[in-house]
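# Got a predicted structure plus its sequence, pasted below:
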Amino acid sequence: MKRVGLIFIELILFMGNCTYDAVEKSETTDCSIDEIVKSRENARALILGKWNWVQTTYNRRGIGLTTETPNSTGKVLIFKFFGNKVQILENNNLTEETYEIKFWGEGTNTVDEILVVRFFKLTGEFQGTSLLFLNPSGTCLTLVNSYNDVGGDLKFIRAD
């Protein structure tokens, strides 16, 4: 009977160690956005700071959903928003762009309540538009580029 109890305790300790190791070595990609910021002013304030990329998902026709992560690609991607500029560090390559937060369709007669981020080179040349999904606590950021069936959706967690 003592032996069964001892085996049971060892099994619990072993499983606890496995779980701890798995959590310690896993990627942190669970940053849910159940509610999104809909105010441009709040989004402008909450986006400021440093963001670490955790994953990009692509939904490609005929292939389905694919996901890339820092572990699967060996890529480091950090966005740092300040003022009207964003520094993008991809591996050891640092670039700087300007950005603006607007409503989708702003400037036309069909303005939606969805926020977007528009990126520009420092020369003023337009780079692209991403739908902006930012949670009210300012801890999770998703830049959605799949609306045009070409780009992937980049998910970030706050780094600072």
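Structure's in. What do you need? Residues are numbered from 1 along each chain as shown.

# For Val37, see how far away the closest residue to Val111 other than its chain neighbours is.
Of all residues not flanking Val111 in the chain, Gly105 sits nearest, at 4.5 Å (Cβ to Cβ, 6 or more residues apart in numbering). Quick note: C-beta positions are derived from backbone N, CA and C, even for glycine. As judged by Cβ to Cβ, to the nearest Å, Gly105 and Val37 stand 18 Å apart.

# Of these two, give the one with the bigger neighbour count.
Val37 (23 against 13; other Cβ atoms under 10 Å).

# Next one: the more buried one from Phe126, what distance?
Here Val37 is placed at a distance of 24 Å from Phe126 (Cβ to Cβ).

# next one: Asn135
Asn135 is 27 Å from Phe126, by Cβ to Cβ.

# Give me the more crowded residue out of these two.
Higher neighbour count among Asn135 and Phe126: Asn135, with 18 against 9, using other Cβ under 10 Å.

# Which strand residues bridge Lys80?
Lys50, Gln87 (DSSP bridges).

# same check, this time on Ile157
According to DSSP bridges, the partner residues bridging Ile157 are Asn52, Cys140.

# Roughly how far does it sit from Ser146?
Distance from Ile157 to Ser146, by Cβ to Cβ: 20 Å.

# cool, and Lys38?
For Lys38 relative to Ser146 (Cβ to Cβ), the value is 20 Å.

# between these two, who's got more neighbours?
For Lys38 versus Ser146, neighbours defined as other Cβ under 10 Å are more numerous around Ser146 (16 against 13).
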